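J.: From the sequence below, what's the structure:
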Amino acid sequence: MSSFDPVAVRADFPILSREIGGKPLVYLDNGATTQKPRRVIEALSRFFSNENANIHRGVHYLSREATDAYDGARDLLKERLSVPASHELIFVRGTTEAINLVTHGLASQLREGDEIILTMMEHHANFVPWQVLAQQTGAVLRFAGLRDNGELDLEEWQSLFTPRTRVAAFTQVSNVLGTINPAAEMTAFARERGAIVLVDGAQALPHGPVDVGAIDADFYAFSGHKVFAPDGVGVLVGRREFLDSMPPYQTGGDMIERVSIAGTTFRHSPERFEAGTPNISGAIGLAEGFRYLEGIDWAAANRHEHELLVHATEELSKMEGIRVFGAAPGKASILSYHYAAAHPHDVGTILDTEGVAIRVGHHCAQPLMDYLGVPATARASFAFYNSHGDVEAFLRAMRKVERFFG
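T.: Numbers count the residues shown, from 1 in each chain. Here you go, the predicted model:
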């Protein structure tokens with residue numbers, strides 16, 4: 001019997017009891033950022049109220065306590081993600097900084113004519129840094145397309161590999177289509193051909209545990225704010241051999257071995273890439289978010305999310321002029337659509353008057369919008385704390401849009 005109770009879970013998130021314009025908040029913008037459970041909020045409050053101090057630099061009690069909490073957060077995440085060693089887990093500001101750190105580090109290793117393989121479903125965070133790197137080094141970007149249902153064309157992706165392929169970077173879950181890519185299979189294929197692999201896991205972790213060790217990519221990145229934890233913190237997991245061969249992304253305090261007038265030597269990972277005072281509270285909050293998620297029955301939670309997605313998709317598709325994007329089997333609970341009679345921003349504005357929060361625009365995926373032939377879409381993205389009542393409120397609001405523009 002499932003221990004998952006969406007009503008009880010919803011009560012763990014204080015913000016979900018808010019009203020917007022006199023109407024209950026219906027929060028369907030989880031793909032952009034997730035809400036935070038009470039225990040994460042309390043962990044942050046506890047740190048600032050009782051434990052706040054800088055880490056790794058003090059001998060006093062508060063500093064030692066804060067250091068233990070920060071280092072303990074790294075150790076907990078290492079265990080939950082099945083990362084081989086704590087020194088392969090770096091705290092960053094989020095997925096964007098993680099990927100920029102990697103592209104900065106690889107700049108000296110790529111040559112003119114080397115190839116970087118991406119997909120057409122990438123978020124700008126996993127597109128623009130590689131584009132800039134290619135411009136800097138003379139490397140060539142190659143792109144794999146999609147099937148009509150929003151799946152990655154895996155055969156085309158595999159066909160792009162040549163002896164000059166140096167990097168393959170791809171999202172595990174599309175933030176627009178909800179498509180779940182076979183990350184472990186793709187990683188194995190690319191690594192067998194000598195490519196360095198980076199996986200963008202930002203949209204994967206909100207929907208259940210991810211065994212990063214089993215995926216076995218050279219780099220794996222995600223953001224805390226998308227996984228029910230604070231913003232301004234994220235994780236880059238990287239192989240030690242790559243990390244120690246890469247130059248520091250930033251320089252300053254706490255990442256050095258020795259500084260003198262003659263020169264500076266740097267520490268190994270993770271300190272090499274965590275210059276200055278890190279987001280101590282963010283790391284602690286991220287670890288607390290993972291502790292909270294341990295109590296979720298993910299099999300039941302995923303069934304619940306899927307029910308919401310299917311119902312919303314089926315009812316929305318009955319409306320004239322609606323085009324839904326992404327129908328890959330087993331997709332994550334992300335519903336992107338375009339209404340022919342109104343711009344997505346108008347759709348989002350009307351939904352907001354009903355207390356329904358969705359995301360509208362290009363979703364930091366303009367190449368994908370071009371590929372789909374639309375300037376923008378509206379996107380409702382569900383989390384385990386959403387309810388069937390949320391879906392009904394969303395559909396009522398969309399019928400209001402239909403009446404207004406139809």
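J.: So, low pLDDT: which residues of the protein?
T.: Applying pLDDT under 70 to the chain flags residues 1-2.
J.: Tell me where it has helices.
T.: 6-10, 38-46, 61-80, 95-106, 128-137, 154-159, 183-192, 212-215, 240-243, 280-293, 298-317, 344-353, 366-372, 388-405 (DSSP state H).
J.: Could you export the ones you listed as a markdown table, including mean neighbour count and distance to E115?
T.: Every C-beta, even on glycine, is put in place using the N, C-alpha and C of the backbone. What follows is those, written out as a markdown table (neighbours: other CB atoms under 10 Å; distance: least, CB to CB, whole Å):
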| stretch | mean neighbour count | distance to E115 |
| --- | --- | --- |
| helix 6-10 | 15 | 45 |
| helix 38-46 | 17 | 41 |
| helix 61-80 | 17 | 32 |
| helix 95-106 | 24 | 13 |
| helix 128-137 | 18 | 9 |
| helix 154-159 | 14 | 13 |
| helix 183-192 | 18 | 12 |
| helix 212-215 | 18 | 22 |
| helix 240-243 | 16 | 18 |
| helix 280-293 | 23 | 35 |
| helix 298-317 | 17 | 36 |
| helix 344-353 | 18 | 35 |
| helix 366-372 | 18 | 18 |
| helix 388-405 | 17 | 43 |
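J.: A169: which of those is closest?
T.: Closest of those to A169 is helix 128-137, at 6.1 Å (criterion: CB to CB).
J.: relative to helix 95-106, how tilted is that closest one?
T.: 20 degrees (axes from the mean of the first three to the mean of the last three CA atoms, to 10 degrees).
J.: Restrict helix 128-137 to CA atoms and write it as PDB.
T.: Extracted in PDB, the C-alpha atoms of helix 128-137 (Å, rounded to 0.1, in the frame of the first residue of the first chain):
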ATOM      1  CA  VAL A 128      25.400  28.800 -25.100                       C
ATOM      2  CA  PRO A 129      28.500  27.800 -23.100                       C
ATOM      3  CA  TRP A 130      29.400  25.100 -25.700                       C
ATOM      4  CA  GLN A 131      28.700  27.600 -28.500                       C
ATOM      5  CA  VAL A 132      31.100  30.100 -26.900                       C
ATOM      6  CA  LEU A 133      33.700  27.400 -26.400                       C
ATOM      7  CA  ALA A 134      33.400  26.400 -30.100                       C
ATOM      8  CA  GLN A 135      33.900  30.000 -31.200                       C
ATOM      9  CA  GLN A 136      37.000  30.200 -28.900                       C
ATOM     10  CA  THR A 137      38.600  27.000 -30.000                       C
END
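J.: Which one of the helices of the chain lies nearest to F382?
T.: helix 298-317 (4.9 Å).
J.: what sits against the nearest residue to W298 once chain neighbours are set aside?
T.: Leaving aside its chain neighbours, W298 sits nearest to G208 (4.2 Å; criterion: CB to CB, 6 or more residues apart in numbering). Residues near G208 by CB atoms under 8 Å, 6 or more residues apart in numbering: W298, A301, N302.
J.: and H87, which of the helices of the chain is closest to it?
T.: helix 240-243 (6.4 Å).
J.: Now tell me what touches the closest one from outside.
T.: Helix 240-243 is touched from outside by 85, 87-88, 90, 105, 196, 218-219, 268-270, 272-273, with contacts defined as CB under 8 Å, 6+ apart.
J.: repeat for stretch 130-148
T.: Contacts for stretch 130-148 (CB under 8 Å, 6+ apart): 103, 106-107, 110-121, 152-153, 156-157, 160, 164-167, 169, 177, 179, 367, 371.
J.: Can you give me the distance of the residue nearest the centre of the chain to V235?
T.: Geometric centre of the chain, nearest residue: A202, 1.4 Å, by CA atoms, centre = their mean. Distance from A202 to V235, counting by CB to CB, to the nearest Å: 10 Å.
J.: neighbours of S49, just the number please.
T.: Per other CB atoms under 10 Å, the neighbour tally for S49 reads 9.
J.: picking up where we left off before, wait, which of the contacts of G208 is closest to V7?
T.: A301 (13.0 Å).
J.: Now do the buried residues in stretch 329-343.
T.: Residues of stretch 329-343 classed as buried: K331, A332, S333, I334, L335, S336, Y337, H338, Y339, A342 (neighbour count, 16 or more other CB atoms under 10 Å).
J.: mind listing what I90 touches?
T.: By CB under 8 Å, 6+ apart, the contact set of I90 is A98, L101, V235, L236, V237, G238, L243, S269, P270, F273, E274.
J.: If it is in a bridge, with which residues?
T.: L236 (DSSP bridges).
J.: now it: how far from F290?
T.: 16 Å.
J.: what do you get for G326?
T.: To F290, G326 is 28 Å away according to CB to CB.
J.: Contacts only, for R272.
T.: Counting by CB under 8 Å, 6+ apart, R272 has contacts L243, D244, P248, M255, F266.
J.: Could you tell me which of those count as buried?
T.: Buried residues within the contacts of R272, counting neighbours by 16+ other CB under 10 Å: L243, P248, M255, F266.
J.: Quickly check those residues for the two that are furthest apart.
T.: Farthest pair in the buried ones among the contacts of R272, by CB to CB: L243 and M255, 12.2 Å.
J.: Could you name every residue contacting both of these two?
T.: With CB under 8 Å, 6+ apart, L243 and M255 have common neighbours R272, F273.
J.: quick revisit: determine which of the helices of the chain approaches I261 most closely.
T.: Here helix 95-106 is closest among those (CB to CB), at 26.3 Å.
J.: got the CA positions of that closest one in CSV?
T.: Taking C-alpha atoms only, helix 95-106 is exported to CSV below (Å, rounded to 0.1, in the frame of the first residue of the first chain):
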residue,chain,number,x,y,z
THR,A,95,23.5,24.1,-13.4
THR,A,96,24.5,27.2,-15.4
GLU,A,97,27.6,27.8,-13.4
ALA,A,98,28.4,24.1,-13.4
ILE,A,99,28.4,23.9,-17.2
ASN,A,100,30.3,27.1,-17.6
LEU,A,101,32.9,25.8,-15.2
VAL,A,102,33.3,22.7,-17.4
THR,A,103,33.5,24.6,-20.7
HIS,A,104,36.1,27.0,-19.1
GLY,A,105,38.1,24.0,-18.0
LEU,A,106,38.0,22.2,-21.4
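J.: Many thanks, we can stop here.
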